[in-house]
Each structure stands twice: as structure tokens, then as C-alpha cells.
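Visitor: My questions are about this predicted structure, shown below with the sequence.
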Amino acid sequence: MTVAPARREKRAHAPLVVCLAGNPNVGKSSLFNRLVEGDAETANYPGITVDVAVTTGEWDGREVTVVDLPGAYSFGARSRDERLAWEFLFSQRPGVVVAVVDATNLARNLFMVLQLIDLGFSVVVALNLMDEARRRSTEIDRLCLSRELAVPVVSTVAVTGEGVSDLRRRVAEVAAWSGVESPPQRRYSDEVEARLDERARTIQPHLERVAEASLAFRGVTPRSAVLALLEGFGEVRDMPVLDALRRPSAAFAMPGRDGSLADEELALRVAAERHAAAQAIAATCSRGGRRITADALWKAATSASSGVPILVGVLGTLFVVLFLLGGWISTALTWLWDKGPSPLMTRGVHSLLGNGAVGDTLLWGINGGIFATLAVGIPYVATFYIMMAALEDSGYMSAVAYLSDRVMHRFGLHGRAVIPLIAAGGCNVPAIMGLRVLTSRRERLIAGTLATLVPCSARTAVIVGAVSLYAGWGWALLVYAVVTIVGVTAGLALNRILPGETGGFVMEMFPLRKPSLRLVVRKTWARLRDFVWIAAPVVLGGSLLLGALYESGAVWHLAAPLSPIVEGWLGLPAVAGLTLIFAVLRKELALQLLVAFAVVRYGSGAHDLLRFMTTDQIVVYALVSTLYVPCAATIAVLGRELGWKAAAGISAGTLAVALLVGGVAARLLSLS
């Protein structure tokens, strides 16, 4: 494979879009945070369906937008991340693509670099993790690599900022020039090149027409367009921009004539020769390398004999810290709220609106809604995000995914699905948002359903505050056991029911390292801000609605229609059914509402649940409360991530399971 020469001409100083592309776990996001010192935000670009991290700034007086694409091993594959990266690149046609490469695993990473060059993008290679390469005594000849690839190569260490200023400079230089034949075109074997040339002549007239109306193919050579059509498969074939070029080109997807290569075989040959070229370039431009302590740690973390005890210890520490630290923060914020803002807000609302239903309704929404966010949402979610960011930055989450992959396959998932399922123990909202790491919609549907069945901190409060306090810890453990059995059964059933199969799991062996405090803080803040932005409005609005129904007395008129299910099937007092309805708005209020409604209904002595409920009823109530419809904030995020049809299906399914399990439990407990 050789490189054709390129001529270059000056490009005008228009606003510059720079995309970061690379394999997962190569430090791409860390480099993204270094390139432009500003807060990143999730943005949805017009005309595409990709949520990407975006930040803007200025480089030498020029406006620059830096986009962090999802990590992918190549473009055009079936996984969601690879499709999203492909879609963005072809829909937006960035000025420069920074290909972030792991210096410790050069051969694998160069495949994507070569593919980007083949597809006609202006590329600058960021040779990242150079500190790890030096630690392993791996020598990489940067000038040799640049010469072989015919693109600029810059050595970087994203976590420390090494090489970042040089990378900015080289990106600006590449952006200032556009070549008539640039970027360079790599040459394949004679047989492959002959077939590519034949296809290029076929589509050239159509390419010129499509390029006039579409940014995606503007300035793209016919040869690069052919490679884009050949390598886009699976869902990528449905992209309108590619379909517009493919439809008039009837020769595509037809068997080769006269012994020439058919499209599918041609695509495989291109990929094979590209892999061989990546291996050859890596062998030519690098040498040395040895095992270090991080490799031994990785081996210990991924071996079944040592990795499982380590994982149990890490998860145990995670949940102990989550509930101890989260509980301490919750108590502190609650005390501060009760001592300052809450009394002032109450007096202010009463002075303006009086002590009637209108003022009390407003306090339900504002005072109660903010209190719920401070008491449950922020403390536990923020604590969880900090710990998750530290584990991710250390590289340990890759080890967890690898270790749990075999078990997760029984549920139709990969090991990486264990990450959002762990997150669900703190709050279902960030867990659902974490489904983006999964590669197929089938996986996201299964994992999303299982995440909603994991008891979050709010539902744990119901189990601990109701069952363990009034019925005993033995009954609380029974509730957890039943919920676990339901979750396992649901996962096994969904794996059999949903069409499709679990594909292969490819994962980069990211070296274990000390987390960067700066990056952990930035990542935690970005995630917490996103959570509050989604959840807080739902909590405030739900509290206001609940207050209006309660203060107006309308809530009690709903008891009669629920009687056949609540009293007849579940064997619970009617007041418990009301709490199950309105706790959908805020799950952490289930127990509080049960006591509050009971006091109104039965008198002040009803704050002791055993005054109006038996032990069996408390257990059934906790089971139903834990399993049924997820909270409103979770439903909202499910709708955004999986679609409203899937969100409605998961909600209805959990409701049916909760009623079934609750009714069966009520009858079994009555026999004991």
C-alpha cells in the first residue's frame, strides 16, 4: 500500500469544527477536555440523531468547536456508537478529524486512522498515552509514523496536557489548507484498485449531483465515496446521505462480473489489506515494550480467581460509601434547608397567599420539591458519580466489563452492561442515561428494563424505613431476594423473547492508572448537571400536582376505583393504593405519603404503620412499591433514550409484574 502525492491550497478562515475520533479507552475524552478549556455540553446537531459532547473556544483568534465522537473501532459497523460516529462525520463534514491513538497498542488503533484517510477526511493523529509507552520502554518514531501515514502526528499525554498546545497548532495548520488531491489516497493491491476505479467511474456523475445538495460528499473524491458505500453496512445503509448516492448507482450490491470482486468480498479485502497495513506501519515505526505493574494489576482484576473477590470488595465499598457518605450529605443538606430557606419560604408564601389551600399547594411544589432534590437526588447521585468517574478514569470499569461478560451473556448483554446496572442502585436516571455505552437497541431494551427493577436509593428507603423498621430485617432481606429473583427471571425471559442475538464483545485493554482529580471533578460536574436538568423539573412539577390534589381533597375520591385491585387482590388498605399512584411522581415519597395519608384517614396515631397494617401487608406494600412503574424522572429519561413506545412498554410490564408478585405474595403470606 502506497500513498499518492497531494497538492494543497490555502483555505479561508471560517469557523472550524474539529472532531475527536478513536477507539474506546484511548484517552479521547481526556484530550477533549484539554483542547478547549470550557464546560462541555451534550448537543444534538441539526439533521442528525447523534448526542455528542461539544465545547467551543478560540485558537489564535479563530472560533473553534471541538466535538468528542463516541468511541468506535471502525466506521460503518453495526454497533450504535460506530453508527453515530459515522453519521456525524458524513453529515457535518468537519474541517479536521483528530484521530486519537493509543501509543501502547499502535497496530489496532491505526486501522481507524487509515480508514479516515481513505474516506477523505483531513486527519491529524494524536499519539496519546505516551507516558504509558515510555513506562513500557516502547519507542515510537513519530516522524516515521507521519511519513508512512502522510498526515501530521503529535505525541500527547492527555491527563497532564503534554503536547496539547502542539496539537492545536498542527490542527490549525491542517485546517488552513485544503488540497485538490488532499488528503492523500492510500493504494491497495492491483486487483482491489482496479475494482475501486471501476466503481468510481460508475458513481462519478451521481456524486457530482449529490455533492451539490449535500455537505457530506462535498469535496470527496469518487474513490473515497466508493469506499464509503462499500464499508457502510447494517443500519448505516439506511442513512439518507448514502442512500441518495447508492440508489442511482445500480451497479452496487450486484455480483462482480468477469471474475471481478463482488461488493461484499471487495469490502472484506479492503479491510484485510488495511489491517495488514496497520500492522506493517506499527512494526516499522515502533519497537521495544515490556510488561509493567499495570499489566499485572489488569491480569489480577480480570482473572476469575482473583478478579471476583476484588470486584465484590469494590462493589461492597461502593455501596457502603454511597449510603454512608450520601446519607451524611443528605442529612447535612436537610438540616441546612430546615434551618434557613424552608422557614423563610414558608413564612413568605403564607404572608402572600395565606395559610389556605393555595399557599400550602405552592409549598408542596417549591419547598417540598427542592427538599426532595436536596435530600435524595443530589447527595446519592453526586456521590455515585464521583466514585464512578474515579473507577472509569482508573481503567477498572473495563476490567469489570471483561470479568462479568460471561454472566451477562445469559441475559443477552455484554459485560459493559454491568456499569449502568450498578448505577441503578444509586438512581435509575443516570443508569438509563448510561445505556448509551451499549452497542445495540436490543441490549439497551434489556438493560433498561433490568435497571428499572434494581431498587434505587429511594426505593431502598421504603424497604428499610417500612419493612426493616416495623417487620424486621429478615423480612427486608426477603423483599430484596424476591426482587433479585424477579430481575434475573426478567433478564432470562427478555433474552429469549426479543429477536436478535448477542454479538461479539471487543474491548481495549486500557492500562490501570491513578485517576486524575481534575478529570474526575469535570466528569462528575457534567453528569450531575445533566441529571439535575432532567430530574429537578419533574420533581418540582410532580410535587405541585400532588399538593393540589391533596390540599383540595380530590385525592380521596380515587380510593374507590382502586379498591378491587388494592384491597381485593393485594390485600392492602385503600390508603396504600393512593400512595402507589402518586409515588410515581417521586418514589422517595412512597413511605412519607403512606404515613401522611394514614394520619389524615386514621388519626395522629397512625404514624406507626402497625396501627393500621399487618406485617404481611407491609411486606406486600414494599414489594409492589419496589417493582411497579418507575418514577416520572426515570420514565422521562427512558422516553428520551429508548423512545416513548419502549418507555410505555417497560412501565406497563413492571406494573403487571408488581401486581402479580404482590398478589401472589399476599396469598402465600396469609397461609403462613
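Guide: Alright, I've got the coordinates. Residues are numbered from 1 along each chain as shown.

Visitor: top strand in this protein by residue count?
Guide: Secondary structure assigned by DSSP state E gives strand 51-59 as the longest strand of the chain.

Visitor: Paired strands for that strand, with orientation please.
Guide: In the sheet, strand 51-59 lines up against strand 41-44 (antiparallel), strand 62-68 (antiparallel) (DSSP bridges).

Visitor: Any buried residues in the longest one, and which?
Guide: Within strand 62-68, the residues scored as buried using 16 or more other C-beta atoms under 10 Å are 64-68. For glycine as for every other residue, the C-beta is placed from the backbone atoms N, C-alpha and C.

Visitor: Which residues outside that strand are in contact with it?
Guide: Strand 62-68 is touched from outside by 13, 15-20, 28-29, 32, 35-36, 40, 52-58, 88, 92, 94, 172, with contacts defined as C-beta atoms under 8 Å, 6 or more residues apart in numbering.

Visitor: circling back to that earlier point, Val575: which of the buried residues of strand 62-68 is nearest?
Guide: Asp68 (50.3 Å; C-beta to C-beta).

Visitor: Let me see the ranges of the helices in the stretch 301-450 of the chain.
Guide: For the stretch 301-450 of the chain, the helices defined by DSSP state H, counting those that start in this stretch occupy 304-339, 341-353, 357-363, 369-372, 378-394, 396-409, 418-423, 428-433, 441-453.

Visitor: Turn those helices into a markdown table, columns for mean pLDDT.
Guide: A markdown table is the format used below for the helices of the stretch 301-450 of the chain (pLDDT from 0 to 100):
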| stretch | mean pLDDT |
| --- | --- |
| helix 304-339 | 78 |
| helix 341-353 | 81 |
| helix 357-363 | 78 |
| helix 369-372 | 67 |
| helix 378-394 | 77 |
| helix 396-409 | 78 |
| helix 418-423 | 78 |
| helix 428-433 | 81 |
| helix 441-453 | 91 |
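
Visitor: Pro157 and Leu562, how far apart?
Guide: Let me fix one detail, which is that residue 157 is Val and not Pro. 61 Å (C-beta to C-beta, to the nearest Å).

Visitor: and Ile618, what element?
Guide: helix 615-627 (DSSP states H and E).

Visitor: Which strand or helix spans Leu127?
Guide: Counting by DSSP H and E, Leu127 is part of strand 123-128.

Visitor: So in that sheet, which strands flank that strand, and in what orientation?
Guide: Strand 123-128 has its sheet partners listed here by DSSP bridges as strand 96-102 (parallel), strand 153-155 (parallel).

Visitor: quick one on the thing from earlier: in terms of packing, which of Val157 and Leu562 has more residues around it?
Guide: Per other C-beta atoms under 10 Å, whichever of Val157 and Leu562 has more neighbours is Val157, with 22 against 18.

Visitor: Name whatever forms a beta bridge with Val124.
Guide: On the basis of DSSP bridges, Val124 is bridged to Val98.

Visitor: quick one: it and Leu167 touch, right?
Guide: Yes. Counting by C-beta atoms under 8 Å, Leu167 is a contact partner of Val124 at 7.0 Å.

Visitor: between those two, who's got more neighbours?
Guide: Each of Val124 and Leu167 has its neighbours counted (other C-beta under 10 Å); Leu167 has more, 26 against 23.

Visitor: Give me the distance between that one and Leu35.
Guide: In terms of C-beta to C-beta, Leu167 sits 7 Å off from Leu35.

Visitor: and if you look at Leu668?
Guide: Leu668 is 60 Å from Leu35, where distance means C-beta to C-beta.

Visitor: you'd agree Val629 is in a strand?
Guide: No. Counting by DSSP: H, G, I helix; E, B strand; the rest coil, Val629 is located in no strand; its state is coil.

Visitor: and it, how many neighbours?
Guide: Using other C-beta under 10 Å, Val629 has 20 neighbouring residues.

Visitor: so what's it up against?
Guide: By C-beta under 8 Å, 6+ apart, the residues touching Val629 are 584, 635, 651, 654-655, 658.

Visitor: switch to 6 Å and redo it
Guide: 584, 651, 654-655 (C-beta atoms under 6 Å, 6 or more residues apart in numbering).

Visitor: just Ala158 next, same as before
Guide: By C-beta under 6 Å, 6+ apart, the neighbours of Ala158 are 27, 30-31, 34, 128.

Visitor: got it, and Arg269?
Guide: Contacts of Arg269 by C-beta under 6 Å, 6+ apart are Val192.

Visitor: where's it relative to Leu229, distance?
Guide: In terms of C-beta to C-beta, Arg269 sits 15 Å off from Leu229.

Visitor: same thing with Leu668?
Guide: Distance from Leu668 to Leu229, by C-beta to C-beta: 61 Å.

Visitor: what do you get for Val220?
Guide: 11 Å.

Visitor: Provide the strand pairings for the host helix or strand of Leu20, with the direction of each partner.
Guide: Assigned by DSSP H and E, Leu20 belongs to strand 16-22. Looking at strand 16-22 with DSSP bridges, its partner strands are strand 62-68 (parallel), strand 96-102 (parallel).

Visitor: How far away from the center of its chain is the longest strand of the chain?
Guide: 19 Å (C-alpha atoms, centre = their mean, to the nearest Å).

Visitor: CA atoms of that strand as PDB?
Guide: What follows is strand 51-59, C-alpha atoms only, in PDB (Å, rounded to 0.1, in the frame of the first residue of the first chain):
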ATOM      1  CA  ASP A  51     -25.800  13.200  21.000                       C
ATOM      2  CA  VAL A  52     -22.200  14.300  21.300                       C
ATOM      3  CA  ALA A  53     -20.000  16.200  23.700                       C
ATOM      4  CA  VAL A  54     -19.300  19.700  22.400                       C
ATOM      5  CA  THR A  55     -17.200  22.600  23.600                       C
ATOM      6  CA  THR A  56     -16.300  25.900  21.900                       C
ATOM      7  CA  GLY A  57     -13.400  28.300  22.200                       C
ATOM      8  CA  GLU A  58     -10.800  30.300  20.300                       C
ATOM      9  CA  TRP A  59      -7.400  29.300  18.900                       C
END
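
Visitor: Give me the mean pLDDT for it.
Guide: Mean per-residue pLDDT for strand 51-59: 76.

Visitor: Break the protein down into its structural domains.
Guide: Domains of the chain are assigned by automatic domain parsing as 15-178, 190-288, 304-501+523-671.

Visitor: if you compare the ones you listed, which one is most tucked away?
Guide: Across those, averaging neighbours per residue (mean count of other C-beta atoms under 10 Å) puts domain 15-178 on top, at a mean of 20.

Visitor: Between strand 51-59 and the next helix or strand after the helix holding Ile618, find me the angle.
Guide: Downstream of helix 615-627, the next assigned helix or strand under DSSP H and E is helix 632-642. Put simply, helix 632-642 runs at 80 degrees to strand 51-59, going by axes from the mean of the first three to the mean of the last three C-alpha atoms, to 10 degrees.

Visitor: Can you list the low-confidence ranges for the stretch 1-150 of the chain?
Guide: For the stretch 1-150 of the chain, the stretches with pLDDT under 70 are 1-14, 37-52, 75-83.

Visitor: State the pLDDT value of the closest residue to Asp616 other than its chain neighbours.
Guide: Take Asp616 and drop its neighbours on the chain: the residue closest to it by C-beta to C-beta, 6 or more residues apart in numbering is Leu669, 4.1 Å away. Note on Leu669: pLDDT of 90.

Visitor: Now Leu669: which helix or strand?
Guide: Assigned by DSSP H and E, Leu669 falls in helix 644-671.
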